[in-house]
Every structure is written in C-alpha cells, then in structure tokens.
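[1] Below are the sequence and a predicted model; questions follow.
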Amino acid sequence: MIRKLVVAAPLCVSAFAAAGAADLTVTVSGIRNASGSVSAGIYDSASSFTKAAEALVLVQIKARQGNVSFTVHDLRPGQYAVAAYHDENGNGRLDIDPTGVPTEGYGVSNGARNPQAPPEFAKAVLELRDQNKSVTIDIAY
C-alpha cells in the first residue's frame, strides 16, 4: 500500500497500525530557499528505493529556507530508507543534467549520497524497532 500526501505545513501521518509500531520523524535540512516544494519518500526495499511511485510513504511539503519536518506514525518494525529532494522549479521531479547528475538539491538517510551513481538502499537503511526514531536528511546542491 502506497500512501501519498501533499501538505503545506508540518505533517503527521498514520501509516499502518501494528503491534510494536513506532513513529519516524524526518527533518529535511539545508533547504536553500522557499521556491517550489520538498518531496520525500520512505522506502522499505532496495528494489523500490528512490522510485517515487513505489514509496511506502510519499510526502510533498511547501519549501521554506532551512528545515521542514514530518512524522509518520505506526510504522511496523523493519528496515527503511528515506530520500528527499528540493523541487525548486515545482515541476514534480528531481531535475538532472544530460549526464544524469541532479541539478536540484537532494539527500538520503545516513548521508548515503553517491556523486557517481544513484544512492544505495543498503547504505541508507535505518533500523526501526518499537521505539520512535528521528532522522535528518541533509540536502546538498
């Protein structure tokens, strides 16, 4: 089940109620201006990682300089990775140059950016147990 949300303010989302579930709070930091939006996805597999259509949770928040945050409630224990980008021009996608290098700011959990290739789920993975967790995604341009 994919849950997609578009919001204009800080967000609290209930994903899936489950025994032992926990909340994941995501802060996206380093946003350089208030143009466009910030999109973030929470992924639960390597095969879906960074594919917005396959995100477990997909969030879009009006950009503002500095930080934006959201919380997803009731995630089941497991492995997750987060990817976010600043869609400065508001076209709904992470823009890239002709060589495939992103031209808009982006970041992933654990700072697992790779300038030569797409980020890897295994390097970005977060272990979520029955305790609430917070993660910061640093946007780099």
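    Structure received. Numbers count the residues shown, from 1 in each chain.
[2] quick one: the residue most central in space within the chain and His86, what's the gap?
    Closest to where the C-alpha atoms of the chain average out (C-alpha atoms, centre = their mean) is Ala40, at 3.0 Å. Counting by C-beta to C-beta, to the nearest Å, the separation of Ala40 from His86 is 10 Å. C-beta: built from backbone N, CA, C; applies to glycine.
[3] Make sure Gly30 is actually in contact with Tyr85.
    No: with contact defined as C-beta atoms under 8 Å, Gly30 does not count as touching Tyr85 (11.6 Å).
[4] re earlier: spatially, what comes nearest to the residue nearest to the centre of the chain if we skip its sequence neighbours?
    Using C-beta to C-beta, 6 or more residues apart in numbering and skipping residues adjacent in sequence, the residue nearest Ala40 is Ala84, 3.8 Å away.
[5] now the protein, which segments are flagged as low pLDDT?
    By pLDDT under 70, the low-scoring segments of the chain are 1-19.
[6] all helices of it, in order?
    121-124 (DSSP state H).
[7] can you pull the contacts of Leu24?
    Counting by C-beta atoms under 8 Å, 6 or more residues apart in numbering, Leu24 touches Ile42, Thr71, Val72, Leu75, Tyr80, Leu126, Leu128, Asn132, Lys133, Ser134, Val135.
[8] neighbours of Gly107, just the number please.
    As a burial measure, Gly107 scores 25 neighbours (other C-beta atoms under 10 Å).
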